[in-house]
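Asks: Build me a model:
(2 chains)
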Amino acid sequence: MTAITLNIIVQGLLTGLVYGLMALGLSVIFGVMRVVNFAHGEFAVVAMYAAFILFERLHLDPLISLLPIAVAFFILGYGLQRTLINPFIGRAEHEQFILLVGLATVVINVLLIAFGPDARPVNLSYSFDSYDVGPLIIDKVRVFAALAALAVSAALFLFFRYTRTGTAIRACADNLTGAAVVGLNVKQLYAVTFGIGFVCIGAAGALMETIADASPSLGPSYTLMAFVIVIIGGLGSMAGALVGGVLIGVSEALAGFFIQPSMKSMFSFALLILVLILRPQGLMGRRL
Amino acid sequence: MLTVDNLSVFYGDAQALDDVSLAVEAGTIVAIVGANGAGKTSLIRTIGGMIKPATGRIRFRDQEIAGWPSHLVCNLGIGQVAEGRQVFPSLTVAENLDMGAMLPRARANRARNRQRVEAMFPKLSERLGQAAGTLSGGEQQMLAIGRCLMGEPELIMFDEPSLGLAPSIVHDVLKAIRDLNASGMTCVLVEQNVAVSLKIANRAYVLENGRVTLSGTGAELLADERVRQAYLGL
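Replies: The predicted model follows:
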């Protein structure tokens, strides 16, 4: 394998971890509530603009503004679930679909009105720095973004594994009747879950702003990508979302380099179809 | 302790409970008997706050609780051991027990209640780190009861606790219920094993098509000709 191929793979892997964090939010929300957040990518773009504004106005590095953005997104997700989403829990899928696609459309158009269609980059002092590791030249921003994505994912994993609230959310996903029987406040836990899904979106969006330029048109493609990643990795599997993210990141990078960038999603979908044929529950999903 | 007055429940157009009234006194075992689809589970789930009644009143101690959500009902001290056990299969035994103690009323005494439950069901304490889904049916039933006790209930509603269990284990489960009652726990028991449940009940109600058609002490119903024919096959 040539050094350049290796470089492309590493670059795709690092970007893929950020994709994976974004998809993790979709996976958590679906795994617990059986709701597919079709406005996922659109809200990720909102987070990109938030990182952009905080950088322009306050000169905050997105690696730092990630924290306030994640907190704000938790509140946003919590509030959205309590007001808009909750009445649709347990309703037919197409009704949830229309609600969330409608929400996505509103978000994108509000962004268009507010910021216009132009791409908004963040120019960090180290945007063009890189690490030389043997034959590899690795972008500094991608390394930082990938490490931050891993850190947020690990924090969420620990939250679900070791805290009582996290365990209670897993309990709701495991057996909803059981949750009601023991007196868990399911509505409250659902809102927390949606908030956590939005933490993934907020953090991933802030990190994406360091490696891509915010623009409203990214929204739908991010939603689709998160969806593809989650199906490939296995719905409801946290590790699966990261693995799926890395796979999509690498396949996009390779296709973008060797064929052409506009054809990169073709390979993501080919991967999706392969997984659906060979292992429909996803790479790390449980057999249904 | 618990009184239900003129309770009616609908699923869409289908009526599940029709003007049901009953009373449960503190410290007693009250059995609810009836065929499949008679409304026993609907009754328990309505009292537990999982189904909202169309009309009627449910009083627990001095509170009117009809229509309250389940987490508030549980926190008043009404526990439930549901049909099918309803453990959390992918959570460990210890995590399952912990989930029973998420109620505000029970948080402070979590450690003490945990000791009591483990003393009552030693088999559970040997399997604390094991996923609940890998337990046998009888062990899952013990876990469901233990998890309920973690919430410090004053009244427990048991819905078909012996369903699908081996006869020797049915005996253990019923013994656990009697022991709990002997230590002062008020129990509502829905049980397919009508003879046994009438024997241990202080009072019993017969539900048919969503209505209470007969009530009396356990002994009275055991002697009743209609009950003997319809439910005991005598």
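
Asks: Thought B:E152 was touching B:R116, still the case?
Replies: No: if you go by CB atoms under 8 Å, B:R116 and B:E152 don't touch, sitting 10.0 Å apart. C-beta coordinates here come from the backbone N, C-alpha and C atoms, glycine included.

Asks: So for those two, which sits in the more crowded spot?
Replies: A direct count of neighbours by other CB atoms under 10 Å in any protein chain shown for B:R116 and B:E152 places B:E152 higher, at 21 against 14.

Asks: What residues does the residue lying closest to A:I89 once chain neighbours are set aside make contact with?
Replies: Excluding its sequence neighbours, the residue lying closest to A:I89 (CB to CB, 6 or more residues apart in numbering or on different chains) is A:M33, at 6.1 Å. Counting by CB atoms under 8 Å, 6 or more residues apart in numbering or on different chains, A:M33 touches A:85, A:89, A:190, A:193-194.

Asks: By pLDDT, rank those residues and give me the bottom one.
Replies: Here the lowest pLDDT out of the contacts of A:M33 sits on A:I89, with 88.

Asks: burial measure for that residue, as a count.
Replies: Neighbour count of A:I89, defined by other CB under 10 Å: 14.

Asks: before we move on, could you check phi and psi at it?
Replies: phi -60, psi 130 (degrees, to the nearest 10).

Asks: And the residue in chain A that chain B sits nearest to, how far from A:G31?
Replies: Minimum separation of chain A from chain B (CB to the nearest CB) falls at A:G183, amounting to 2.7 Å. Distance check for A:G183 against A:G31: by CB to CB, to the nearest Å, it reads 22 Å.

Asks: Mind jotting down where the strands sit in chain B?
Replies: If DSSP state E is used as the criterion, the strands of chain B fall at B:2-11, B:14-24, B:29-34, B:55-60, B:63-64, B:78-81, B:155-159, B:186-190, B:203-208, B:211-217.

Asks: got these as JSON lines, with distance to A:P216 columns?
Replies: Shown next, in JSON lines, are the strands of chain B (distance: least, CB to CB, whole Å):
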{"stretch": "strand B:2-11", "distance to A:P216": "45"}
{"stretch": "strand B:14-24", "distance to A:P216": "49"}
{"stretch": "strand B:29-34", "distance to A:P216": "59"}
{"stretch": "strand B:55-60", "distance to A:P216": "52"}
{"stretch": "strand B:63-64", "distance to A:P216": "52"}
{"stretch": "strand B:78-81", "distance to A:P216": "49"}
{"stretch": "strand B:155-159", "distance to A:P216": "53"}
{"stretch": "strand B:186-190", "distance to A:P216": "57"}
{"stretch": "strand B:203-208", "distance to A:P216": "59"}
{"stretch": "strand B:211-217", "distance to A:P216": "61"}
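
Asks: Most tightly packed of those strands?
Replies: Across the strands of chain B, averaging neighbours per residue (mean count of other CB atoms under 10 Å in any protein chain shown) puts strand B:78-81 on top, at a mean of 28.

Asks: In its sheet, which strands sit next to that strand, and in what direction?
Replies: When pairs are called by DSSP bridges, strand B:78-81 turns out to pair with strand B:155-159 (parallel).

Asks: Show me what the partner strand is in contact with.
Replies: The list of residues contacting strand B:155-159 from outside it, by CB under 8 Å, 6+ apart, reads B:1-2, B:24, B:40-41, B:44, B:47-48, B:60, B:77-83, B:145, B:148, B:177, B:180, B:185-191.

Asks: which parts of chain B sit against chain A?
Replies: For chain B, the residues in contact with chain A (CB under 8 Å from any CB of the partner chain) are B:48-50, B:69-71, B:73-75, B:80-82, B:84, B:86-91, B:95-96, B:98-100, B:102-103, B:147-148, B:151.

Asks: Give me the buried entries from these.
Replies: Buried members of the residues of chain B next to chain A, scored by 16 or more other CB atoms under 10 Å in any protein chain shown, are B:48-50, B:70-71, B:73-75, B:80-82, B:84, B:86-91, B:95-96, B:98-100, B:102-103, B:147-148, B:151.

Asks: need the contact list for the closest residue to A:E93 other than its chain neighbours.
Replies: Closest residue in space to A:E93, ignoring its immediate chain neighbours: A:V36 at 8.0 Å, by CB to CB, 6+ apart. With contact set as CB under 8 Å, 6+ apart, A:V36 has these partners: A:26, A:29-30, A:93, A:96-97, A:100, A:227.

Asks: Of those residues, which pair is most distant in space?
Replies: Of all pairs drawn from the contacts of A:V36, the one with the largest separation by CB to CB is A:L26 and A:E93; the distance is 15.1 Å.

Asks: Whatever residue of chain B ends up closest to chain A: what's its closest spatial neighbour, skipping adjacent residues?
Replies: Taking CB to the nearest CB as the measure, chain B has B:C74 as its residue closest to chain A, at 2.7 Å. On the basis of CB to CB, 6+ apart, the spatially nearest residue to B:C74 that is not a chain neighbour turns out to be A:G183, at 2.7 Å.
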